[in-house]
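Trainee: Structure of the sequence below:
(2 chains)
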Amino acid sequence: MPNRSSDRPRVVLLVLMAAALTLLTAQFREFLPVDDFQQGFRDVISPFRKVVDRSTDPFQTVWNGIFNYEEVSDENERLQMEIARMRGKELRDEADRELLERLLGEVDIDYLELETVVARIIGVPGGNYNSHVVEINKGTDDGLEEGAGVITKAGLVGYLYEVDRSTSLVRLATHPDFRVGVRLINSQDEGLARGNGSVGVLILDAGINIDTEVSIGEVVVTSGGRSIFPQDIPVGRVNDPDKEADYARSIEIDLSASLENLSFLNVILEARENQSK
Amino acid sequence: MNTWLRVLTLLIVAAILQSSIFTEMRINGMGVELLLLIAILSGYHGGPVRGAYVSFWTGLVNDCVVASPLGIHALIYPVIAVAVSNLEERFINEKRVIRAFGVALAVATGVLLTAAVGHIFGEKTFNTDSLPETAIIAAVMTTFFSKPISRIVNWTVSSGMPQEVKTRIAGSSR
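Mentor: This next block holds a predicted model:
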């Protein structure tokens, strides 16, 4: 005869696991109330979060001083080197900028004219599984929508994948689930680039012919079309054209925007309208 | 106060802390798994059934906080809570350091299991090269907070449960 008291936890466990799987299925089938529940919960706790964040600021500063001292020190060093590099190589930068402007001018690019909202990065989401995602301080109250492209003056950064009332999550271009249609400026060939989890790199491995002439340093921009990004946003430069590929080509692109050192971002408004332009 | 009202309050406070101060407190990019700790301790103090229910809701709250697909953490946390509850009798009389090791082991297992389930459901950032490092650092950091959290979880989930009765068997060393 089965022991009822030892069976009950198993039954409860099975019921709860079935409930969790049902919720997961609903989420993957984009059943809206599930999304709304998550967003609603985050909206409810958001004001309290801000209060706790502000009140624990001194503690967080001390923590960062102790455990991230090396990082802060490295950052300082990096910034000093950056200043020196910018001063010392101003002429080369100027030449590069002129080249970029000339190249972009040839295809009538004016991505800086896009209507955007400036947002500040407030951190990363909680938990240990959200690499390549940052949180910004603007949400639906500021007119942002899910899927909107995110850029800086240097170029493509990512897109909004969760938008709450006052905050949003940006999936960075290096995220393994990130995809963007791109165009090579010289050959005008279009393909699909993806993040692969590596810092500052996109991989272009779909859509480019094996015999297309691709040179190191070639400028890559978004192709627009059915993409969520408007066309002609600078993506980066070709770092490795993979000329020796026999079958499938895997072109490495260095992103023009430095995703590790972001503070402010521009979120493109009315992505759908821009897309159709 | 009603048990479920206590649980609701605990989960909301934990969600606020997890998404604010515990998001900033990171070592090498890895942080405390406060909600996983609550799930583990609810199994330890609340028994398998109550622990499973509490940890299910804890998992749902975590899914909301970290913006992962709703159900991933809720699928794993009850399993961890029931497993901890079944092992509880073996650990209850052990030294503090052994119990702390047990908590760390449960946290690391929870992190690895969540990563595995996330990977199965196509979440590519769940299973990365740094996963073992994440599990170890998260386990150590989370265990550091287990003592105070344990008291709170005990107060929250044990209400209405039969009090512990200490028995002594003649000739027993304990």
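
Trainee: Next one: stretch B:36-43, is it in contact with chain A?
Mentor: No - Stretch B:36-43 stays out of contact with chain A when judged by Cβ under 8 Å from any Cβ of the partner chain, the minimum separation being 9.4 Å. Yep, even glycine has a C-beta here, placed from its N, CA and C like the rest.

Trainee: which residues sit against that stretch?
Mentor: B:10-11, B:14, B:50-52, B:54-55, B:58-59, B:62, B:73, B:77-78, B:80-85, B:88, B:103, B:106-107, B:110-111, B:114, B:142, B:145-146, B:149-150, B:153-154, B:156-157 (Cβ atoms under 8 Å, 6 or more residues apart in numbering or on different chains).

Trainee: Any of these buried? List them.
Mentor: For those, a neighbour count by 16 or more other Cβ atoms under 10 Å in any protein chain shown gives the buried set as B:10-11, B:14, B:50-52, B:54-55, B:58-59, B:62, B:73, B:77-78, B:80-85, B:88, B:103, B:106-107, B:110-111, B:114, B:142, B:145-146, B:149-150, B:153, B:156-157.

Trainee: Out of these, list just those in strands.
Mentor: Judged by DSSP state E, the buried ones among the contacts of stretch B:36-43 include no members of strands.

Trainee: Among those residues, which ones are in helices?
Mentor: Counting by DSSP state H, the part of these found in helices is B:10-11, B:14, B:50-52, B:54-55, B:58-59, B:62, B:73, B:77-78, B:80-85, B:88, B:103, B:106-107, B:110-111, B:114, B:142, B:146, B:149-150, B:153, B:156-157.

Trainee: What about chain A: which of those residues touch it?
Mentor: Residues of these in contact with chain A (Cβ under 8 Å from any Cβ): B:52, B:59, B:62, B:78, B:82, B:85, B:111, B:114.

Trainee: Those into a markdown table, with extra columns for pLDDT?
Mentor: Formatted as a markdown table, those follow (pLDDT from 0 to 100):
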| residue | pLDDT |
| --- | --- |
| B:A52 | 94 |
| B:G59 | 95 |
| B:N62 | 94 |
| B:P78 | 95 |
| B:V82 | 93 |
| B:S85 | 90 |
| B:V111 | 93 |
| B:T114 | 92 |
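
Trainee: Where do the strands of the stretch 101-250 of chain A begin and end?
Mentor: Assigned by DSSP state E, counting those that start in this stretch, the strands in the stretch 101-250 of chain A fall at A:116-123, A:133-136, A:149-152, A:155-163, A:168-172, A:179-184, A:190-195, A:201-206, A:219-222, A:234-240.

Trainee: Ok, which of the ones you listed comes nearest chain B?
Mentor: Chain B lies closest, by Cβ to the nearest Cβ, to one member of these: strand A:155-163, at 4.9 Å.

Trainee: CA atoms of that closest one as CSV?
Mentor: What follows is strand A:155-163, C-alpha atoms only, in CSV (Å, rounded to 0.1, in the frame of the first residue of the first chain):
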residue,chain,number,x,y,z
GLY,A,155,27.1,53.6,-34.0
LEU,A,156,25.0,50.5,-33.2
VAL,A,157,24.7,49.4,-29.6
GLY,A,158,21.7,47.0,-29.4
TYR,A,159,17.9,47.1,-29.0
LEU,A,160,15.3,47.3,-26.3
TYR,A,161,13.9,43.9,-25.4
GLU,A,162,12.1,44.7,-22.1
VAL,A,163,10.4,48.0,-21.6
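
Trainee: So which bits of it are buried?
Mentor: Neighbour-count burial for strand A:155-163 flags A:155-163 (criterion: 16+ other Cβ under 10 Å).

Trainee: residue ranges with poor pLDDT in chain A?
Mentor: Applying pLDDT under 70 to chain A flags the ranges A:1-7, A:82, A:84-113, A:270-277.

Trainee: who in the stretch 101-250 of chain A is up against chain B?
Mentor: By the rule Cβ under 8 Å from any Cβ, the part of the stretch 101-250 of chain A lying against chain B is A:123-133, A:162, A:169, A:175-177, A:197.

Trainee: Put the buried members of those into a PyMOL selection.
Mentor: Only the buried entries of those go into this PyMOL selection, using 16+ other Cβ under 10 Å:
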select buried, chain A and resi 124+125+126+127+128+129+130+131+132+133+162+169+175+176+197
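
Trainee: wouldn't A:L184 be in contact with A:N209 here?
Mentor: No - counting by Cβ atoms under 8 Å, A:N209 is not a contact partner of A:L184; they are 10.5 Å apart.

Trainee: More neighbours: which of the two?
Mentor: A:L184 (24 against 11; other Cβ atoms under 10 Å in any protein chain shown).

Trainee: which residues does the more buried one contact?
Mentor: A:L184 neighbours (Cβ under 8 Å, 6+ apart): A:190-191, A:208, A:212, A:214, A:218-220, A:238.

Trainee: can you pull up the bridge partners for it?
Mentor: A:V220 (DSSP bridges).

Trainee: Would you check how far apart it and A:L255 are?
Mentor: 15 Å (Cβ to Cβ, to the nearest Å).

Trainee: What of B:N62?
Mentor: Counting by Cβ to Cβ - B:N62 and A:L255 are separated by 31 Å.

Trainee: what do you get for A:A119?
Mentor: In this view, A:A119 and A:L255 are 19 Å apart by Cβ to Cβ.

Trainee: now swap in A:F28 and tell me
Mentor: Noted for A:F28: a distance of 29 Å to A:L255, by Cβ to Cβ.

Trainee: the more surrounded of these two?
Mentor: Counted by other Cβ under 10 Å, A:F28 and A:L255 do not tie: A:L255 has more neighbours, with 25 against 14.
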